[in-house]
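> show me the folded form of this:
(chains A and B)
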Amino acid sequence: MLRIENLSKSYGNKLAVDGLSLHIRPGEIYGFIGHNGAGKTTAIKAACGILRFDAGQIWIDGHPVREEPLECKRRTAYLPDNPDLYEFLSGIKYLNFIADVFGMSQAQRKERIPALSADFELTQDLAQPISTYSHGMKQKLAVIGALMHQPRLLVMDEPFTGLDPRASFTLKQKMRALCDAGGAVFFSTHVLEVAEKLCDKVAIIRRGRLVVEGSMDQVKGDESLEEVFLELEADHA
Amino acid sequence: MLRTLVAIQLRGVLGSLVGRLGRGRRNKPANKVLVGLLVVYVLGALGFSLGTYLLGMFKSFAPLGLTWLYYALAGLSAFVFSFIGSVFLAQSTLFGARDNELLLSLPIPPGLILLSRTAALYLITLLIQALVLLPTMIVHLVAGQVDGTGLALFLLAGLLLPLPTLALSMLLGWGLALISSRLRRKNLVIILLSFLFLAAYLYGYSRLMGAMQTLIARGQEIALALRQVLPPAYHFGQAAAYGKLGSWLLFALACLLPFGLVMWLVAWRYLQVLTTQRGAPRVLYRGGGMKAGGLMKALVQKEARRFFASPVYLMNSAITLLLMLALPVWLLLDRSILALLPQMGLEASWVGALMVLAQSALAGSVFISAPSISLEGKALWIIQSLPVKPIQALMAKALAHLFISLPPILLSGLGLTILLRLDLASALFLLVMPVLANAFTALLGVALNLRFPKLDWRSEMEPVKQSMSTFLTMTIGFVNIGALGALYAFWLRRHLAIQAYLLLCAAFLALLCLLLYRHLRGTAPGALLDLSEA
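Residues are numbered from 1 along each chain as shown, chains lettered A, B, ... in the order given. Coordinates of the predicted model:
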């Protein structure tokens, strides 16, 4: 579903991502772990086609991001770490805007928007301007906007930040459901317990380079993911 | 601490002016030189047109021994010029900045926050006033004998002149902030208040213009009146023209006292205003709002909604559209101007042509699209991550600009056609040329905003009012038409009939639009991605 080959990206003299290669298959929830500034967000943004990269290639569902960005974006939903939305729109207007862009029919909107809003307990607030939303409400709205068009690939940067426990639970269910339907999820997180319980595969990145990658069992063995992460950090320090 | 705060504020102001001039992958020396030349051209054109006007005034007053009146009126003009929009600037910078909460959470006295923000406002006002005051000084240096002390006192007085503007705009900005914190439909109220303010301003300005004509005719009498009614203006003129230290001191007192008083007053309630958030009643969603539409319609609607939701954006970028709407109404109410036209000996086609150029200049100085990319701010990721061609995203901004502008432009053109009883050809030009001028600035605004983006703004005022893209778009849009008019008046009038020339101008504007569109098509994909690193 998502294949990243030898991705490199630098900002001036600073190499943010260095020869990163990952392969996320349909049906997989793939966790992306690393310390602050490790290059996770850069890799995620490059994968979604919103950041130029210097070298390497990225394919989504067989389409190269660089050459066919629109084809890739039609299959993808991206959720950034800080969901800054259009504050001048109301929640429902924002969702309708996203639906228009993805060419959703009226029947699809009438089916999915109320259902997702109810799942994330945001229905009553949809008429409010986004400027009045709390951080968590904006995050929920961004999640609804991302799931609404039923993407094949869901790419998220720290998706659980700001979500209340119920919304976090709902999101995890949605992630699994998407994978069960043949899609894939690629997300970064600092919450290693969540990654450990949720992910089928995991990659740990340090200073832009892949340190370890594999199924959860392969990576952590008998230890906890937290212990493995800290050991790897110490080894590569 | 104050120095650090002021430095941050000033960095914000200067940063919003130059955008990413100093960064980015396309930051080649040739680009910098080109941009520098463009800025010099625009400032030169502004200075030249203002200088011509000031020279006429100087030549009228100096022989009468009224050089002081020349300076007094220039100072007054600088005050009035800088006051436009400064209320919104004060409101958004002092009371509505995004980093207010962050600064309040730090161990910084609110008074220092106020002082640092006021320093930034002072700098902006000083820069705006310098656009009037520098040509004033240059005209005197070129056309007359300058008193050395007078020159020094003029410069010192120029440093004080922003203070009364600031005092007034801070008070009104405070009022706006109070209204904003108490009302549910605050945007609507602010826009209505702005209309009222603008109407009052225009009325005052038209009276001032009338008074200026009288001044030139009856200089001595009016000078005496000005001395009695506006003593600070009189003393400003006396200090600048004749180097009178006593007058300068009185002028300084007239600037410092009200400013100090307003600062004290605002500082007294500053914390309370910043921390008062009454909020609006919650509106419950009851279904609906899920009508399907097309991609371009959605993108254009989004841009239009942003425009109508922001009084700052609306009132600053489209103020000339209001002037265009006001023009036929004004002519309808004040028929004396229409009666004057036959006495001026102008042919009907010339009246039409002048009106076409005036309307085109006004329509060309609308800059709705110029801050539209910057206003995406931190929400830029949305448009970048959606399956939208970059050119579609950019054209939506230009189209929103055009769709918002078209009704006032066409209504105004239609009104003027009827009132001035223009012939068919003039009427057609009056409808088509302003639309083309507007389309040109719509595309130019997007192109310039791509070159000078400002995405990390703290207040909408930064990309709307203090950015290089808006300044250049508005000025080029206006100066472009002025240059076309001057070219005909000074050279081509002997070779071409006016309507043939207007046809050429329309073709030229259409060509510019086409070139800009092709430029955007070529640069859009990369440029939109580059914004992630801007």
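
> please count neighbours and contacts with C-alpha atoms only from this point.
Will do.

> so where does the residue nearest the centre of chain B fall, helix or strand?
Among the residues of chain B, the one closest to the centroid is residue B:316, at 6.2 Å (C-alpha atoms, centre = their mean). Using DSSP states H and E, residue B:316 sits in helix B:311-317.

> same for that helix, what does it pack against?
Secondary-structure packing of helix B:311-317 (3 or more C-alpha pairs under 8 Å, 6 or more residues apart in numbering or on different chains; DSSP states H and E): helix B:186-217, helix B:295-309, helix B:461-465.

> average pLDDT for the longest one?
It stands for helix B:186-217. Mean pLDDT, computed over helix B:186-217, is 67.

> give the next helix or strand downstream of it.
Using DSSP H and E, the first helix or strand after helix B:186-217 is helix B:219-229.

> got the CA coordinates for that next one in CSV?
C-alpha atoms of helix B:219-229 as CSV (Å, rounded to 0.1, in the frame of the first residue of the first chain):
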residue,chain,number,x,y,z
GLY,B,219,-4.4,81.1,1.5
GLN,B,220,-3.9,83.9,4.0
GLU,B,221,-7.4,83.7,5.5
ILE,B,222,-7.5,80.0,5.9
ALA,B,223,-4.0,79.9,7.3
LEU,B,224,-5.3,82.1,10.1
ALA,B,225,-8.2,79.8,10.6
LEU,B,226,-6.0,76.7,10.7
ARG,B,227,-3.8,78.4,13.2
GLN,B,228,-6.8,78.9,15.5
VAL,B,229,-8.6,75.6,14.9
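
> report the rounded mean pLDDT for stretch B:114-134.
87.

> list the buried ones in that stretch?
Across stretch B:114-134, burial judged by 16 or more other C-alpha atoms under 10 Å in any protein chain shown covers B:114-126, B:128-133.

> cool, and stretch B:147-154?
Going by 16+ other C-alpha under 10 Å, stretch B:147-154 has these buried residues: B:149-151, B:153-154.

> just the CA atoms of the helix holding residue B:316, as PDB, please.
Provided in PDB are the C-alpha atoms of helix B:311-317 (Å, rounded to 0.1, in the frame of the first residue of the first chain):
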ATOM      1  CA  PRO B 311     -13.500  42.300   8.900                       C
ATOM      2  CA  VAL B 312      -9.700  43.000   8.700                       C
ATOM      3  CA  TYR B 313      -9.400  41.200   5.400                       C
ATOM      4  CA  LEU B 314     -12.600  42.600   4.000                       C
ATOM      5  CA  MET B 315     -12.100  46.200   5.000                       C
ATOM      6  CA  ASN B 316      -8.500  46.400   3.900                       C
ATOM      7  CA  SER B 317      -8.300  44.500   0.700                       C
END
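
> which SSE is immediately downstream of that helix?
Helix B:311-317 is succeeded, C-terminally, by helix B:319-333 (DSSP H and E).

> which of the buried residues of stretch B:114-134 fall within helices?
With helices defined by DSSP state H, the entries of those inside them are B:114-126, B:128-133.

> enumerate the residues of the stretch 401-534 of chain B near chain A.
B:529-530, B:532 (C-alpha under 8 Å from any C-alpha of the partner chain).

> I'd like those residues written out as CSV, with secondary structure and neighbour count added.
Output for these, formatted as CSV (DSSP: H, G, I helix; E, B strand; the rest coil; neighbours: other C-alpha atoms under 10 Å in any protein chain shown):
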residue, secondary structure, neighbour count
B:529, helix, 17
B:530, helix, 17
B:532, helix, 16
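
> out of those, which one has the lowest pLDDT?
residue B:532 (73).

> what about the nearest residue to it once chain neighbours are set aside, distance to residue B:352?
Among residues not flanking residue B:532 along the chain, residue A:51 sits closest, at 6.4 Å (C-alpha to C-alpha, 6 or more residues apart in numbering or on different chains). As defined by C-alpha to C-alpha, to the nearest Å, residue A:51 lies at a distance of 51 Å from residue B:352.

> what about residue B:37, how many neighbours?
Residue B:37 is flanked by 12 other residues according to other C-alpha atoms under 10 Å in any protein chain shown.

> same thing with residue B:273?
Residue B:273: 17 neighbours (other C-alpha under 10 Å).

> helix or strand for it, which one?
Here residue B:273 is assigned to helix B:245-275, by DSSP H and E.

> is that helix positioned near chain A?
No: Helix B:245-275 stays clear of chain A (C-alpha under 8 Å from any C-alpha), getting no nearer than 15.9 Å.

> counting contacts, what elements does that helix pack onto?
Under the contact rule (3+ C-alpha pairs under 8 Å, 6+ apart), helix B:245-275 is packed against helix B:110-143, helix B:148-160, helix B:162-182, helix B:231-242.

> output the ones you listed as TSV; include the columns distance to residue B:323.
TSV is the format used below for these (distance: least, C-alpha to C-alpha, whole Å):
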stretch	distance to residue B:323
helix B:110-143	21
helix B:148-160	30
helix B:162-182	22
helix B:231-242	28
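
> which one of those helices lies closest to chain A?
helix B:162-182 (13.2 Å; C-alpha to the nearest C-alpha).

> buried set for that closest one?
Within helix B:162-182, the residues that count as buried by 16+ other C-alpha under 10 Å are B:162-174, B:176-181.

> one more: stretch B:82-96?
B:82-83, B:85-96.

> same check on stretch A:29-45?
A:29-34, A:38-45.

> stretch B:308-324: end-to-end distance?
18 Å.

> apart from its chain neighbours, what residue comes closest to residue A:35?
residue A:206 is the one closest to residue A:35 (C-alpha to C-alpha, 6+ apart), at 7.0 Å.

> what comes up buried for the host helix or strand of residue A:212?
Applying DSSP H and E as the criterion places residue A:212 in strand A:209-215. Within strand A:209-215, the residues scored as buried using 16+ other C-alpha under 10 Å are A:209-211, A:213-215.

> pLDDT on that strand, on average?
Strand A:209-215 comes out at a mean pLDDT of 90.

> burial count for residue A:156?
Counted with other C-alpha under 10 Å, residue A:156 comes out at 25.

> so it sits in a helix?
No: counting by DSSP: H, G, I helix; E, B strand; the rest coil, one finds residue A:156 to be strand, located in no helix.

> is it in a bridge, and if so with what?
On the basis of DSSP bridges, residue A:156 is bridged to residue A:79, residue A:187.
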